[in-house]
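In: I'd like to go over a predicted model; first the sequence, then the structure.
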Amino acid sequence: MIIKIPLRLLNIEGDGFHLQAKVKINGKPALVIVDTGASRTVFDKTEILKYLRTEEIAEHDQVSTGLGTSDMISQVVTLDSFSLGKLKIDKFPAVVLDLQHVNHTYAAIGFAAIAGVLGSDVLVAYKAVIDFPKKLLSLSFPKKPVKHVSRSRKKSSAKKKK
């Protein structure tokens with residue numbers, strides 16, 4: 001089964017484009033940027049609070065890089081559900097970062113705030129195809145259920161001890 005999700009192509013002041021998709025976080029509508037260069041799906045630490053309780057966010061022992069800034073301290077959360085069209089992922093582990101620099105830029109050019117960035121963890125797992133002319137994101141259901149796992153440095157520490 002293939003799910004087709006409409007995309008909005010945002011012109012970022014003539015400098016380039018972002019792809020925006022509508023999703024649902026714990027059943028509530030949200031906007032995300034589709035970013036094939038992002039290794040993980042991440043959510044903004046301020047915006048995510050609209051979709052869950054603060055106590056659901058846990059500290060993370062990993063530092064994240066990218067998103068136009070230097071290393072950032074991250075947190076983790078397990079969403080009850082994360083939906084992209086008819087694709088619903090239950091108990092979705094996600095990284096939480098400060099993405100306010102993105103939302104400040106969006107506000108300055110008249111775009112709505114984003115809740116997060118849809119990364120390659122989901123895009124690869126569901127065999128994403130982006131059709132720019134049609135502005136569609138196609139996702140395929142895999143034959144075997146995808147297990148979304150939050151990774152921690154504790155595993156890499158164990159390897160160092162060997």
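Out: Everything's here; your move. Numbering: from 1, shown residues only.
In: from here on, contacts and neighbour counts on C-alpha atoms
Out: Will do.
In: Now the residue nearest to residue 17 when sequence neighbours are not counted. Its backbone dihedrals?
Out: Counting by CA to CA, 6 or more residues apart in numbering, residue 17 lies nearest to residue 11, which is 4.7 Å off, once chain neighbours are set aside. Backbone torsions for residue 11, taken as degrees, to the nearest 10, come to phi -90, psi 120.
In: My guess is residue 11 contacts residue 18. True?
Out: Yes: Residue 11 is within contact range of residue 18, at 6.8 Å (criterion: CA atoms under 8 Å).
In: Output the longest strand belonging to the protein.
Out: The strand of greatest length in the chain, counted in residues with DSSP state E as the criterion, is given as strand 69-84.
In: who does residue 94 bridge with?
Out: When assigned by DSSP bridges, residue 94 has beta-bridge partners residue 77.
In: who touches it in this structure?
Out: Under the criterion of CA atoms under 8 Å, 6 or more residues apart in numbering, the neighbours of residue 94 are 40, 41, 42, 43, 76, 77, 78, 79, 150.
In: List just the nearest of those residues to residue 52.
Out: Using CA to CA, the shortest approach to residue 52 within those belongs to residue 79, at 8.0 Å.
In: quick one: contacts for that closest one?
Out: For residue 79, the contact set (CA under 8 Å, 6+ apart) comprises 25, 26, 52, 90, 91, 92, 93, 94.
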